[in-house]
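Asks: Have a look at this prediction, sequence included:
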Amino acid sequence: MAIQKPRGTQDLLPSVLGNWYYIENTIRRLCKTYGFEEVRTPMFEETGLFLRGIGETTDIVQKEMYSFPTGDKKDQSYTLRPEGTASAVRAYLENKIYGQESITKWFYIGPMFRHDKPQAGRYRQFHQFGVELLGTQAPSADAECISLVLQLLRDLGLKDLNVEVNSVGCPTCRPAYREKLIAFFEPKKEELCELCQSRLYKNPLRILDCKEEKCQQLAVGVPELSDNLCEECQDHFHHVKEYLTAAGEKFTLNPRLVRGLDYYTKTAFEVQYTPLGSQSAVAGGGRYDGLVEELDGPHTPAVGFAMGMERLLLALEKQGLLPEQQQEDSVFVVALGEMAQKEAFRITNALRNAYVKAEMEGSGKSMKSQMKYANKINAKYVIIIGDNELAEGKVILKYMDTSEQETVSLAEITNRITELVKGN
Ligand code: HAM
């Protein structure tokens, strides 16, 4: 059997890339408005970065990483990045950005890799647009990130969005809550799903957002995180909500929203677009005040989010919100005869030098077949050059929309076409 693309990956062919450019351009424009600058970090990092950054008990680290030997040092491996936050923090530290600016606002767009079971909206190579705002613990920064993601989705035309917010506490209040959770679920341990049984002592908070019906039933009456926050976390969350209200953003409180990465502290949020079905989380993020220190940097509170580009595209497609691709006016140069081919090449080149989209066919095909191709590529103008016309220093210019044609001198044709195209 012929070799096929790896499971859970996609070929982005020219016919769909226009949609990607459209979204990426909208993202870049909006990020500029909010003062975020683009960064690009390597697509693979030392495995230890993700072990320490994302957390050893998370699904990502336990079963979804693509790791391979570095080939340089024994016992050292690299991992294809499963997400962008750990890499952004590594770059922030390695380039000593913390010493140069007090607040850093970065965004990135690029492929991420997770070895998960592929399904609609869940891939093994997918793309994220992510934002990281480092150096401030101000609740307005959390609200700024949430506003940015909501504005982006609105600007792209999506309605009926739901952003769920929660506070997941901090190292001051979480350990006691963790103990309460273990005490609550321990007597029901055998009834929990297999995954939650394994989470009970390692990461009991994740039981709260398990999608299994039986685990949700068992969680009825569980002590709520919101009742167990320390004063600082409560106060911070209160202000985040006030800032969101001041910005006119609607949100839903979800006290069970936990998120699958260990670095979160205080605010956590997720944007759901329910028409997408089971993979309805279009974006997710939150605050990670301890991550920079965890990776051996100075204390640096931070907040951010990432959006799944494929899920966003699916949502836009579903709602018919992807704009028609604009066709540029283009020219096709038909050449009949060997001399004519050289002249056609000269004209095509001159047009391209003037940034007019121009093409020709150099293998000496018939007039009919060259015109067929001109139609296929939707050429607006066709220049026809035969050896006879050439001897007279002329070419034929055909307007494809009206089928009218006229004779133009060789000396004038490039300027004439450039004026027609640029004058539009
Ligand atoms: P995450 O929730 O793991 O967070 O991923 C963010 C988004 O990426 C998800 O909401 C989803 O849209 C998309 N996504 C995740 N996995 C897949 C997949 N297998 N296929 C398609 N799309 C997927 C993070 O990655 C954090 N780094 C976000 C963050 C940034 N938090 C703070 N700063």
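Replies: Arrived safely.
Asks: Can you tell me the element the closest residue to the ligand within the stretch 101-250 of the chain falls in?
Replies: When distances are taken as CB to the nearest ligand atom, the stretch 101-250 of the chain reaches nearest to the ligand at residue 126, 3.5 Å away. In short, each C-beta sits where N, CA and C put it, glycine included. Per DSSP states H and E: residue 126 is located in strand 125-134.
Asks: so what strands line up beside that strand?
Replies: If you go by DSSP bridges, strand 125-134 pairs up with strand 104-113 (antiparallel), strand 302-308 (antiparallel).
Asks: how distant is the last one from the center of its chain?
Replies: In terms of CA atoms, centre = their mean, to the nearest Å, the centre of strand 302-308 is found 11 Å from the chain centre.
Asks: go on, stretch 304-315?
Replies: On the basis of CA atoms, centre = their mean, stretch 304-315 is displaced by 6 Å from the centre of the chain it belongs to.
Asks: could you give me the average pLDDT of that stretch?
Replies: Per-residue pLDDT over stretch 304-315 has a mean of 97.
Asks: That one spans what distance, first to last residue?
Replies: Using CA to CA, to the nearest Å, one end of stretch 304-315 lies 22 Å from the other.
Asks: any bit of that stretch sitting next to the ligand?
Replies: Yes - counting by CB under 6 Å from any ligand atom, the ligand has neighbours in stretch 304-315: 304-308, 310-311.
Asks: Pick out the most distant pair among those residues.
Replies: 304 and 310 (19.5 Å; CB to CB).
Asks: Roughly how far does the closest residue to residue 422 other than its chain neighbours sit from the ligand?
Replies: The shortest distance from residue 422 to any non-neighbouring residue, by CB to CB, 6 or more residues apart in numbering, is to residue 356 (7.5 Å). Shown here: residue 356 relative to the ligand, a distance of 40 Å by CB to the nearest ligand atom, to the nearest Å.
Asks: can you map out the helices along the stretch 201-350 of the chain?
Replies: Taking DSSP state H, counting those that start in this stretch as the criterion, the stretch 201-350 of the chain carries its helices at 213-218, 231-246, 291-294, 309-318, 338-353.
Asks: then the first one to CSV, C-alphas only?
Replies: Included here for helix 213-218 are C-alpha records, laid out as CSV according to Å, rounded to 0.1, in the frame of the first residue of the first chain:
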residue,chain,number,x,y,z
GLU,A,213,-21.5,9.7,33.9
LYS,A,214,-20.8,7.5,37.0
CYS,A,215,-18.0,9.8,38.2
GLN,A,216,-20.2,12.8,37.8
GLN,A,217,-22.9,11.1,39.9
LEU,A,218,-20.3,10.1,42.5
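Asks: Please tell me how far that helix is from the chain's geometric centre.
Replies: Relative to the mean C-alpha coordinate of its chain, helix 213-218 is positioned 33 Å out (CA atoms, centre = their mean).
Asks: Which positions in the chain make contact with the ligand?
Replies: Applying CB under 6 Å from any ligand atom, one finds that the chain approaches the ligand through 83-85, 114, 116, 122-123, 126, 128, 130, 132, 260-261, 281-286, 288, 304-308, 310-311.
Asks: Please identify the most buried of the strands paired with strand 125-134.
Replies: Per residue and on average, the most neighbours among the strands paired with strand 125-134 fall to strand 302-308, with a mean of 24 (mean count of other CB atoms under 10 Å).
Asks: re earlier: next structured bit after the strand holding residue 126?
Replies: Counting by DSSP H and E, the element after strand 125-134 in chain order, helix or strand, is helix 139-155.
Asks: tell me the mean pLDDT for that next one?
Replies: According to the model, helix 139-155 has a mean pLDDT of 97.
Asks: ditto for stretch 31-50
Replies: Over the span of stretch 31-50, the pLDDT mean works out to 98.
Asks: from here on, count from 178
Replies: Sure thing, new numbering starts at 178, so read that last one as stretch 208-227.
Asks: Show me what that stretch is in contact with.
Replies: Outside stretch 208-227, the residues that touch it by CB atoms under 8 Å, 6 or more residues apart in numbering are 205, 237-238, 242, 244, 247, 253-259, 261, 263-265, 267-268, 282-288, 290, 308, 310, 321, 325, 472.
Asks: Mind doing that once more with 6 Å?
Replies: Under the criterion CB atoms under 6 Å, 6 or more residues apart in numbering, residues 244, 254-258, 263-264, 267-268, 282-285, 308, 325 lie in contact with stretch 208-227.
Asks: Which members of those residues are the farthest-apart pair?
Replies: 254 and 325 (34.8 Å).
Asks: the more surrounded of those two?
Replies: Set residue 254 next to residue 325 and count neighbours by other CB atoms under 10 Å: residue 325 wins out with 22 against 15.
Asks: thinking again about what came up before, now do the nearest residue to the residue of the stretch 278-427 of the chain closest to the ligand once chain neighbours are set aside against residue 470, distance only.
Replies: Spatially, and ignoring its direct neighbours in sequence, residue 303 is nearest to residue 487 (5.3 Å; CB to CB, 6+ apart). For residue 487, the distance to residue 470 (CB to CB, to the nearest Å) stands at 33 Å.
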